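Q: sequence first, then the predicted structure, then my questions.
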Amino acid sequence: MNDYELQTDRIVQKVRDNDYKSVLLQFPEGMLDEPLNQVQKVLSDEGIQVYTAGDPSYGVCDLAIALAKRLNCDLLIHFGHSEFGFHSQVSSVQSDLIDIMIIPAYYVPPQELDYNSLIDEIRKKKWKTIGLASTIQHIKSLDKLEEKLTEYNFQIIRYKEGQILGCNVHSLQIGDEKCDGFVSIHAGYFHTHGILLNTSKPLMQFNPYSGGIKTYGEEEHTKVIRQRFTLLTKVRNIKKWGIIGSSKLGQLNQNMIGNIQSLLSERKLESLTVVAENINPQMLSNFTNIEAWVVTACPRIAIDDKIRYLKPIITFKEFLYLFHQLKWEDLLEHGFF
Ligand code: SF4
């Protein structure tokens, strides 16, 4: 079982100070067992009425504000993410009507992570300047790794905290030209895929749970980019476009929608704009006239689960490339989303 910093003392202080009576908890999948139980117990002991959001929570883009308001909760506590990338959206909904706490839930390793093999691997590659990043849970481990690498005289490029999201690897992109390679602390392939698609240097992924190290080089960058190129070739002559929008707080991009609509109408191409809270293959499959989609919501809808969707889906930047507003080199240099 993994251990996380849930900041329960801070939560209790907050509800006591404000005399809150009811709270909505929002956890990502994977934290719905012990972490949820711990927080639920602490709040119930304080006599607070506790609700738990049941819909999946993938990021702060997805704060359950509407549900918290409908339940008349005083406080929404969102776990497992930070405001990174969504500061303005979060401040826009923080009001007298609903208070919000965002708890990153930093991972607490059972023992200090062993970085020796990672440092050996970096030395074998003869990297001197390294771009560092991690997902929010592992930012504290990234601090320790930076300390170690600095002791060994490596040059570090770490933009602010070095945090990455599935839709935002700016922390790495910023050092793409100067570094020899990237080291990122995260588990799974989801963030790896985002990094490979939006940067050009080799990536060494350190899995904080298993201690595993995996290196991705030019071949893997080329593979994910070629997949996008093949898809874009297929949709080049599409006549009926669907535009996907999301009503989620951090995913509603009306300017993007307007831009796409204008580009399509200038070329006398048909389009339909579909806005939903949750976008899934079944919902999109009902729009049988649409030949391909462009997504203005979470860009990962266009990248992941491609097999589950019947029609091709591309990102906003890819759409701009197709309609000659961006060059292919722009995507290669600045990323596909
Ligand atoms: S927009 Fe998508 S990738 Fe970005 S934080 Fe939200 S769910 Fe994650």
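A: Structure's in. What do you need?

Q: any idea how many residues pack against Asn37?
A: Using other C-beta atoms under 10 Å, Asn37 has 10 other residues around it. Where you see a C-beta, it was placed from the backbone N, CA and C, and this is true even at glycine.

Q: go on, Asp99?
A: For Asp99, the neighbour count with other C-beta under 10 Å is 18.

Q: same question, Asn168
A: Using other C-beta under 10 Å: Asn168 sits among 19 other residues.

Q: helix, strand or coil for the closest residue in space to it that isn't next to it in sequence?
A: Of all residues not flanking Asn168 in the chain, Gly85 sits nearest, at 4.8 Å (C-beta to C-beta, 6 or more residues apart in numbering). Gly85 falls in the coil class when you classify it by DSSP: H, G, I helix; E, B strand; the rest coil.

Q: Gly85: how many residues sit nearby?
A: 18.

Q: kindly report the same for the one 3 residues further on.
A: Residues contacting Ser88 under the criterion other C-beta under 10 Å number 9.

Q: tell me if I am right that it is in a strand.
A: No: counting by three-state DSSP, Ser88 is not part of a strand but helix.

Q: what's opposite the residue nearest to Met101 when sequence neighbours are not counted in the beta bridge?
A: The shortest distance from Met101 to any residue other than its chain neighbours is 4.7 Å, reached at Ile77 (C-beta to C-beta, 6+ apart). In this entry, Ile77 is beta-bridged to Leu25, Met101, by DSSP bridges.

Q: isn't Ile77 right next to Tyr20, touching?
A: No: Ile77 is beyond contact range of Tyr20, at 10.4 Å (criterion: C-beta atoms under 8 Å).

Q: buried set for stretch 63-80?
A: Across stretch 63-80, burial judged by 16 or more other C-beta atoms under 10 Å covers 63-65, 67-68, 73-80.

Q: how about the residues of the chain by the ligand?
A: Within the chain, the positions lying close to the ligand (C-beta under 6 Å from any ligand atom) are Tyr58, Gly59, Cys61, Leu165, Gly166, Cys167, Gln251, Cys298, Arg300.

Q: can you list those in TSV and add secondary structure?
A: Shown next, in TSV, are those (three-state DSSP):
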residue	secondary structure
Tyr58	coil
Gly59	coil
Cys61	helix
Leu165	strand
Gly166	coil
Cys167	coil
Gln251	coil
Cys298	coil
Arg300	helix
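
Q: neighbours around Leu310, how many?
A: 14.

Q: which residue, other than its chain neighbours, is closest to it?
A: Ser285 (5.3 Å).

Q: burial measure for that neighbour, as a count.
A: Around Ser285 there are 13 residues (other C-beta under 10 Å).

Q: surely it is in contact with Arg308?
A: No: counting by C-beta under 8 Å, Arg308 is not a contact partner of Ser285; they are 9.8 Å apart.

Q: next SSE downstream of the stretch of helix or strand His193 belongs to?
A: Using DSSP states H and E, His193 sits in helix 190-198. Sequence order places strand 203-206 as the next helix or strand after helix 190-198, per DSSP H and E.

Q: can you list contacts of that following strand?
A: 115, 118, 121-122, 125, 145, 181-186, 192, 195-196, 212-216 (C-beta atoms under 8 Å, 6 or more residues apart in numbering).

Q: so where do the helices sit in the stretch 151-300 of the chain?
A: Under the criterion DSSP state H, counting those that start in this stretch, the stretch 151-300 of the chain contains helices at 170-173, 190-198, 218-234, 254-266, 281-285, 300-303.

Q: per-residue confidence for Asp96?
A: What the model reports for Asp96 is a pLDDT of 67.

Q: same check on the one 3 residues further on?
A: Each residue has a pLDDT score; the one for Asp99 is 94.

Q: so how far is the ligand from it?
A: According to C-beta to the nearest ligand atom, to the nearest Å, Asp99 and the ligand sit 22 Å apart.

Q: per-residue confidence for the closest residue to that residue other than its chain neighbours?
A: For Asp99, ignoring the flanking residues on the chain, the nearest one in space by C-beta to C-beta, 6+ apart is Leu75 at 4.7 Å. With respect to pLDDT, Leu75 scores 97.

Q: spit out the contact partners of Leu75.
A: Shown in contact with Leu75 (C-beta under 8 Å, 6+ apart): Lys14, Val15, Asn18, Tyr20, Ser22, Val23, Leu24, Ala68, Ile98, Asp99, Ile100, Met101.

Q: for the stretch 101-250 of the chain, which segments are assigned as strands?
A: When assigned using DSSP state E, counting those that start in this stretch, the strands of the stretch 101-250 of the chain occupy the ranges 107-108, 129-134, 155-157, 181-185, 203-206, 213-216, 240-246.

Q: mind putting these in a markdown table, mean neighbour count, distance to Leu6 and mean pLDDT included?
A: Below are the strands of the stretch 101-250 of the chain laid out as a markdown table (neighbours: other C-beta atoms under 10 Å; distance: least, C-beta to C-beta, whole Å; pLDDT from 0 to 100):
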| stretch | mean neighbour count | distance to Leu6 | mean pLDDT |
| --- | --- | --- | --- |
| strand 107-108 | 18 | 10 | 96 |
| strand 129-134 | 24 | 19 | 98 |
| strand 155-157 | 17 | 30 | 98 |
| strand 181-185 | 25 | 20 | 98 |
| strand 203-206 | 22 | 24 | 98 |
| strand 213-216 | 16 | 29 | 98 |
| strand 240-246 | 21 | 28 | 97 |
